[in-house]
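Q: here is my input, please return the structure:
(one chain, ligands or ions: 1)
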Amino acid sequence: MSALNKILIVDDSKLIHSMYRLVLKRYEGCIIVDAMNGLEALEVLARENDFDLILLDINMPVMNGLQFMEKISMENLYRNIPIIVISTEGKEEDTLRALKLGAKGYVVKPFQPYLLYELIEKITNKKETIFEAAMKRR
Ligand SMILES: [Mg+2]
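A: The predicted model follows:
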């Protein structure tokens, strides 16, 4: 199941970074790289763009998740890296905006790890995401 080799976590909370590290232990041998905001994430991507997945917070100083997604959506180089948005309850508009900018899925904080696993597996197996299915039905 470990098709995942490298994940970029973008969040302004160090506590959240350690939480993700625990949750992602399931993906044995997977390298996890931390960025504290969108700008830092862009700097990481400029150095290494071989990530299988990006977990992205929306609310961050310097450059937030939506601004990051706007930048990313203009860069062909990063287009193939799937992004999962970790959104906050009551911020549905931001989540929708992120999906429109190309995020492959989202989970709402606080979430059960299995929800994230399901989403990761769906996305990395290149199965249709809930959002894609919903878009087709429109
Ligand atoms: Mg935050």
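
Q: burial of Asp34, as a residue count?
A: 18 (other Cβ atoms under 10 Å). For the C-beta atoms, the positions are set from N, CA and C on the backbone; glycine is no exception.

Q: confirm it sits in a helix?
A: No. Using DSSP: H, G, I helix; E, B strand; the rest coil, the secondary structure at Asp34 is strand, not a helix.

Q: does it touch Ile16 like I think?
A: No. Counting by Cβ atoms under 8 Å, Asp34 sits too far from Ile16 to count as a contact (9.7 Å).

Q: can you list contacts of stretch 103-119?
A: 23, 26, 56, 69, 82-89, 95, 98-99, 122-123, 129-131 (Cβ atoms under 8 Å, 6 or more residues apart in numbering).

Q: shared neighbours of Asp34 and Ile16, anything?
A: When Cβ under 8 Å, 6+ apart defines a contact, the residues bordering Asp34 and Ile16 alike are Ile9.

Q: returning to what we had before: from the contacts of stretch 103-119, list the buried ones, please.
A: Using 16 or more other Cβ atoms under 10 Å as the burial test, those include 23, 56, 69, 82-87, 95, 98-99, 122-123, 129, 131 as buried.
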